[in-house]
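A.B. asks: Below are the sequence and a predicted model; questions follow.
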Amino acid sequence: MGQLTGKTAVITGAASGIGAAVARLFAAEGARLALLDRDPARIETVAAECRGTLGAADQVTVHRADVTDEGGMRDAVAAAAAAHEGLDILVSSAGILDETPFLDMDLATWNETVSVDLTGVFLAARAVAPHLVARGGGRIINVASQLGIKGGVNLAHYTAAKAGVIGLGKALALELAEHRILVNTIAPGPIVTPLIDGLSEEWKQAKQAELPVGRFGRPEEVAPTALLLAASPSGDLYTGQTLGPNSGDVMP
């Protein structure tokens, strides 16, 4: 308990799934939270839970933001930094997913997925990084997917975006190291969240049959990896790394 006391974390995609699980765990560990999402109703529900855990309403702020909107992200992050008097951690977990065969994929479908799943990660990091520099260091944790390592059928757009997130994390780790900012990536396997609602039952059954662990993960099983990377000393030697809570789907 208290591993993140005194730290402020920005979490994108915090209204559900992995983002919400990270928010709940970080609150339990004492972090102040700036929760970003484009779903106002669900984000308020998560915020209320986290405020109850922390026992202080002003320790959790909510910012409605679309990660693909450069100006909106910049303004939301600036508001979060002002409210909490600085930022220490970014967890980028906003994402979308749908199943589309490559031969049927149009440019609009490709662009939408890449815009949210890759460009959104870039824009979040670009908005938060100056605040971490001003703080004298910090942590950036991006959520990718094991499919960004191994590929996935009918998911060329998603796979390409998530592979880009992994590459972006490595580049930022090198470039931001001089500012004492550690950048890492979590590449989960299939996790039971609203994100996988866009996948067919056939796809999910076939994927589950491939997994050595024999099942999909749960968001609360991924959140501790974010805590490991965000906390000290547990995350102090990690940068440019890709950690895989993935049910054995990828074994580097």
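C.D. replies: Cool, the structure landed.

A.B. asks: tell me the centre residue of the protein?
C.D. replies: residue 93 (2.2 Å; Cα atoms, centre = their mean).

A.B. asks: pretty sure that one contacts residue 23?
C.D. replies: No - because the distance of 9.4 Å does not satisfy Cβ atoms under 8 Å, residue 93 is recorded as not touching residue 23. For the C-beta atoms, the positions are set from N, CA and C on the backbone; glycine is no exception.

A.B. asks: Now the common contact residues for the two.
C.D. replies: 11, 14 (Cβ atoms under 8 Å, 6 or more residues apart in numbering).

A.B. asks: show me where the stretch 101-250 of the chain has strands.
C.D. replies: 138-143, 181-186, 242-243 (DSSP state E, counting those that start in this stretch).

A.B. asks: Residue 10: which of those strands is closest?
C.D. replies: Ranking those by proximity to residue 10 (Cβ to Cβ) places strand 138-143 first, at 9.7 Å.

A.B. asks: where does the chain have its least confident helix or strand?
C.D. replies: Lowest by mean pLDDT, DSSP states H and E among the helices and strands of the chain is helix 201-210, with a mean of 92.

A.B. asks: what's that helix in contact with?
C.D. replies: 99, 153-154, 190, 196, 214-216, 249.

A.B. asks: In ChimeraX, how would I select the buried members of those residues?
C.D. replies: Provided next is the ChimeraX selection string for whichever of the contacts of helix 201-210 are buried by 16 or more other Cβ atoms under 10 Å:
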select :99,154,190,196,216,249
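
A.B. asks: Which one of the contacts of helix 201-210 is nearest to residue 64?
C.D. replies: residue 196 (24.3 Å).

A.B. asks: So residue 62, which state does it fall into?
C.D. replies: Under the three-state scheme (DSSP: H, G, I helix; E, B strand; the rest coil), residue 62 adopts strand.

A.B. asks: Check the gap between it and residue 174 for me.
C.D. replies: 33 Å (Cβ to Cβ, to the nearest Å).

A.B. asks: list the buried ones in the least confident helix or strand of the chain?
C.D. replies: 203, 207.

A.B. asks: could you dump stretch 133-151 to PDB, C-alpha only?
C.D. replies: The C-alpha coordinates for stretch 133-151 follow below in PDB (Å, rounded to 0.1, in the frame of the first residue of the first chain):
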ATOM      1  CA  VAL A 133      10.500  17.300 -17.800                       C
ATOM      2  CA  ALA A 134       9.500  20.200 -15.600                       C
ATOM      3  CA  ARG A 135       9.100  17.700 -12.700                       C
ATOM      4  CA  GLY A 136      12.600  16.400 -13.200                       C
ATOM      5  CA  GLY A 137      11.500  12.900 -14.400                       C
ATOM      6  CA  GLY A 138       8.600  10.500 -14.600                       C
ATOM      7  CA  ARG A 139       7.100   7.400 -16.200                       C
ATOM      8  CA  ILE A 140       5.300   6.900 -19.400                       C
ATOM      9  CA  ILE A 141       3.500   3.500 -19.800                       C
ATOM     10  CA  ASN A 142       1.800   2.700 -23.100                       C
ATOM     11  CA  VAL A 143      -0.600  -0.200 -23.600                       C
ATOM     12  CA  ALA A 144      -0.100  -2.000 -26.800                       C
ATOM     13  CA  SER A 145      -1.000  -5.700 -27.600                       C
ATOM     14  CA  GLN A 146       0.800  -9.000 -28.100                       C
ATOM     15  CA  LEU A 147      -0.600  -8.800 -31.600                       C
ATOM     16  CA  GLY A 148       1.800  -6.000 -32.300                       C
ATOM     17  CA  ILE A 149       4.500  -8.600 -31.900                       C
ATOM     18  CA  LYS A 150       3.000 -11.700 -33.500                       C
ATOM     19  CA  GLY A 151       0.300 -10.400 -35.800                       C
END
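
A.B. asks: Give the buried residues for it.
C.D. replies: 135, 138-149.

A.B. asks: That concludes my questions; thank you for your assistance.
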